[in-house]
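model the structure of this input:
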Amino acid sequence: MASSQSSKFLTLTATITLALAAALSASTALSFYMWRRKSRSLESKVVELEKSLKSSMDKCCAERQGRIRAQQALRKGLAHPQANNLELSAYPMAPIGIIQSCYSTRNGTPRQPLLVPLARACLIFDPSRVPPASLEGLKEYSHCWIIYVFHLNTNLENLWKQPSKSRFKAKVRVPRLKGGRMGVFATRSPHRPCPIGLTVAKVEAVQDNMVLLSGVDLVDGTPVLDIKPYLPYCDSIEGARVPKWVSGDNLLAVASVSFSEDFPYTLAECWVKTEKKSLYASPDEFQSLIKQVLSWDIRSLAQRNRPHDYRVETENGIALGNTSDSDSYQDEKASTHITDQASPIEEIIYHLSLEGLDVSYRIDCNGNVLVEKVTISSDVPDNHQKRCNYSEWSDKLRFHKGL
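Down below sits the predicted model:
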């Protein structure tokens, strides 16, 4: 009896074990089947992704090759321009900003940068071409290089002519050589095959899309192509060599600059009308600017050599006279005018235009300058832009200088 029950129990146990084994085997087989199916699906997706990646890489490679070929064709076209393909006749350059300067005209604008520390200008960038973020970090530099266009040259129309008809002059007259000629590339004359200028200026402050500069030699309205930070470790070359005519005594410095008794009165009258658009904080500071500018003889070579030859066209302020002695005279005479025709040098009155104010002065044969008066000029061109003034920058300047 006991043996029979034991046999049944063993049979039942074996049956349950077999059932469990069968169930486990079925579950394992199902899991394995599902895993294989999922694995095949993943393998298929990997293959598709690999094909897609290869297709994208091939497309990028083809586009890159296309760009390279287009760039090669562009460089070839620029190197050998064709008359029937005007699009490839010039490099794609355009001004990115405009200078608003204290110098209203070319007359009086220094021949070199940093000669007049108080000479201020505001560089306003075109926001559609230069985002404000482009200027981040510039205020950490003390100075910057400015690449610009000599837009007021009187011979610009010749640059669009064929080289054989452009009448480009290889030599220009140099003020330091008293009119002696020198190769244009040995000078900084504005009359060049490409009318591009390079100057350096002090960075006073940076705000939004504007940079306040000082020590400038740029006339109001100058188009700017680019700016770069000044790096002393590579831009200042120790032991650099220059010709003797450059390193000699400065022949353009005047003996003295003084002001007439009436000058402060006339300046105060004008300041009431011009203060809001001025880059200067007070009449005294503006008078200091005038003194710094006139500390250098800003007259043209023709004016210094033959002041008696001049006659005046009073309606437009253009001085007429003998124009055959200087290559640069044609450019300078259009921005310099003289009044009060007289024979003695002391009686000739010269004019300097700063921030729309006409400063009249005399200079005697010994190089002594007497500034007589200042009036509001009516001949200053308007660049149709809102001008910056000192009050807009004063807080920024104090913060920038740690005041």
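
any low-confidence regions in the stretch 201-350 of the chain?
Applying pLDDT under 70 to the stretch 201-350 of the chain picks out residues 248-249, 306-346.

which stretches in the stretch 151-300 of the chain count as helices?
Along the stretch 151-300 of the chain, the segments classed as helices by DSSP state H, counting those that start in this stretch run 232-235, 244-247, 263-274, 283-294.

now do the last one: everything it contacts.
This points to helix 283-294. Outside helix 283-294, the residues that touch it by CB atoms under 8 Å, 6 or more residues apart in numbering are 102, 108, 110, 116-119, 254, 257, 259, 263-264, 267-268, 271, 278, 280, 352, 354-355, 359, 361, 369, 371, 374. C-beta coordinates here come from the backbone N, C-alpha and C atoms, glycine included.

deepest-packed of the helices of the stretch 151-300 of the chain, please.
For those, average neighbour numbers computed from mean count of other CB atoms under 10 Å are highest in helix 283-294, which has a mean of 18.

next helix or strand past it?
Moving toward the C-terminus from helix 283-294, the next helix or strand (DSSP states H and E) is helix 301-305.

who are the packing partners of that following helix?
helix 329-333 (3 or more CB pairs under 8 Å, 6 or more residues apart in numbering; DSSP states H and E).

select, out of the helices of the stretch 151-300 of the chain, the one closest to residue 69.
helix 232-235 (35.5 Å; CB to CB).

from the chain's centroid, how far away is that closest one?
19 Å (CA atoms, centre = their mean, to the nearest Å).

any idea of the mean pLDDT for the host helix or strand of residue 147?
Residue 147 belongs to strand 143-149 when assigned by DSSP H and E. If you average the pLDDT over strand 143-149, you get 97.

domain parsing of the chain, as residue ranges.
Listed domain ranges for the chain are 30-90, 97-400 (source: automatic domain parsing).

so of those domains, which one's packed in deepest?
domain 97-400 (a mean of 16).

gap between that one and the chain center?
16 Å.

ok, now stretch 54-68?
36 Å.

ok, the strand holding residue 147: who's next to it in the sheet?
When sheet partners are counted by DSSP bridges, strand 143-149 sits next to strand 196-207 (antiparallel), strand 223-229 (antiparallel).

out of those, flag the one nearest residue 242.
Nearest to residue 242 among the strands paired with strand 143-149 is strand 196-207; the distance by CB to CB comes to 16.1 Å.

and the contacts of the closest one?
Contacts to strand 196-207, defined as CB under 8 Å, 6+ apart, come from residues 113-114, 117, 120-121, 135, 138-139, 141-150, 188, 190, 211-218, 225, 230, 393, 396-397, 400.

go with 7 Å
For strand 196-207, contacts defined as CB atoms under 7 Å, 6 or more residues apart in numbering pick out 113-114, 135, 138-139, 141-150, 190, 211-218, 230, 393, 396-397, 400.

and for stretch 93-107?
Residues outside stretch 93-107 that contact it (CB under 7 Å, 6+ apart): 109, 119-126, 129-130, 149, 152, 216, 218-226, 279, 289, 298, 335-336, 352-356, 377, 380, 383, 385, 387-388.

for the nearest residue to residue 262 once chain neighbours are set aside, phi and psi?
Nearest residue to residue 262, sequence neighbours excluded (CB to CB, 6 or more residues apart in numbering): residue 373, at 6.0 Å. Reported as degrees, to the nearest 10, the phi and psi values for residue 373 are phi -160, psi 180.

now the helix or strand where residue 98 lies: mean pLDDT?
Per DSSP H and E, residue 98 falls inside strand 97-101. Throughout strand 97-101, pLDDT has a mean value of 96.

in strands, which of the contacts of helix 283-294 appear?
The members of those that map onto strands under DSSP state E are 257, 259, 352, 354, 359, 361, 369, 371, 374.

surely the third one meets residue 359?
Spelled out, it's residue 352. Yes: the pair formed by residue 352 and residue 359 meets the contact definition of CB atoms under 7 Å, at 4.4 Å.

tell me the SS of the closest residue in space to residue 100 that isn't next to it in sequence?
Closest residue in space to residue 100, ignoring its immediate chain neighbours: residue 122 at 4.5 Å, by CB to CB, 6+ apart. Under DSSP: H, G, I helix; E, B strand; the rest coil, residue 122 falls in the strand class.

list the contacts of residue 122.
100, 210, 212, 279, 388.

make CSV out of those residues and add distance to residue 160.
Putting the contacts of residue 122 into CSV (distance: CB to CB, whole Å) gives the following:
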residue, distance to residue 160
100, 28
210, 32
212, 35
279, 35
388, 33
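
quick one: low-confidence parts of the stretch 51-200 of the chain?
Within the stretch 51-200 of the chain, the ranges that satisfy pLDDT under 70 run 74-90, 163.

what segments of it are strands?
Assigned by DSSP state E, counting those that start in this stretch, the stretch 51-200 of the chain shows strands spanning 97-101, 120-125, 143-149, 171-173, 181-183, 196-207.

just put the ones you listed in a markdown table and tack on distance to residue 41.
Shown next, in a markdown table, are the strands of the stretch 51-200 of the chain (distance: least, CB to CB, whole Å):
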| stretch | distance to residue 41 |
| --- | --- |
| strand 97-101 | 59 |
| strand 120-125 | 56 |
| strand 143-149 | 61 |
| strand 171-173 | 79 |
| strand 181-183 | 77 |
| strand 196-207 | 58 |
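
kind regards, and thank you for your time.
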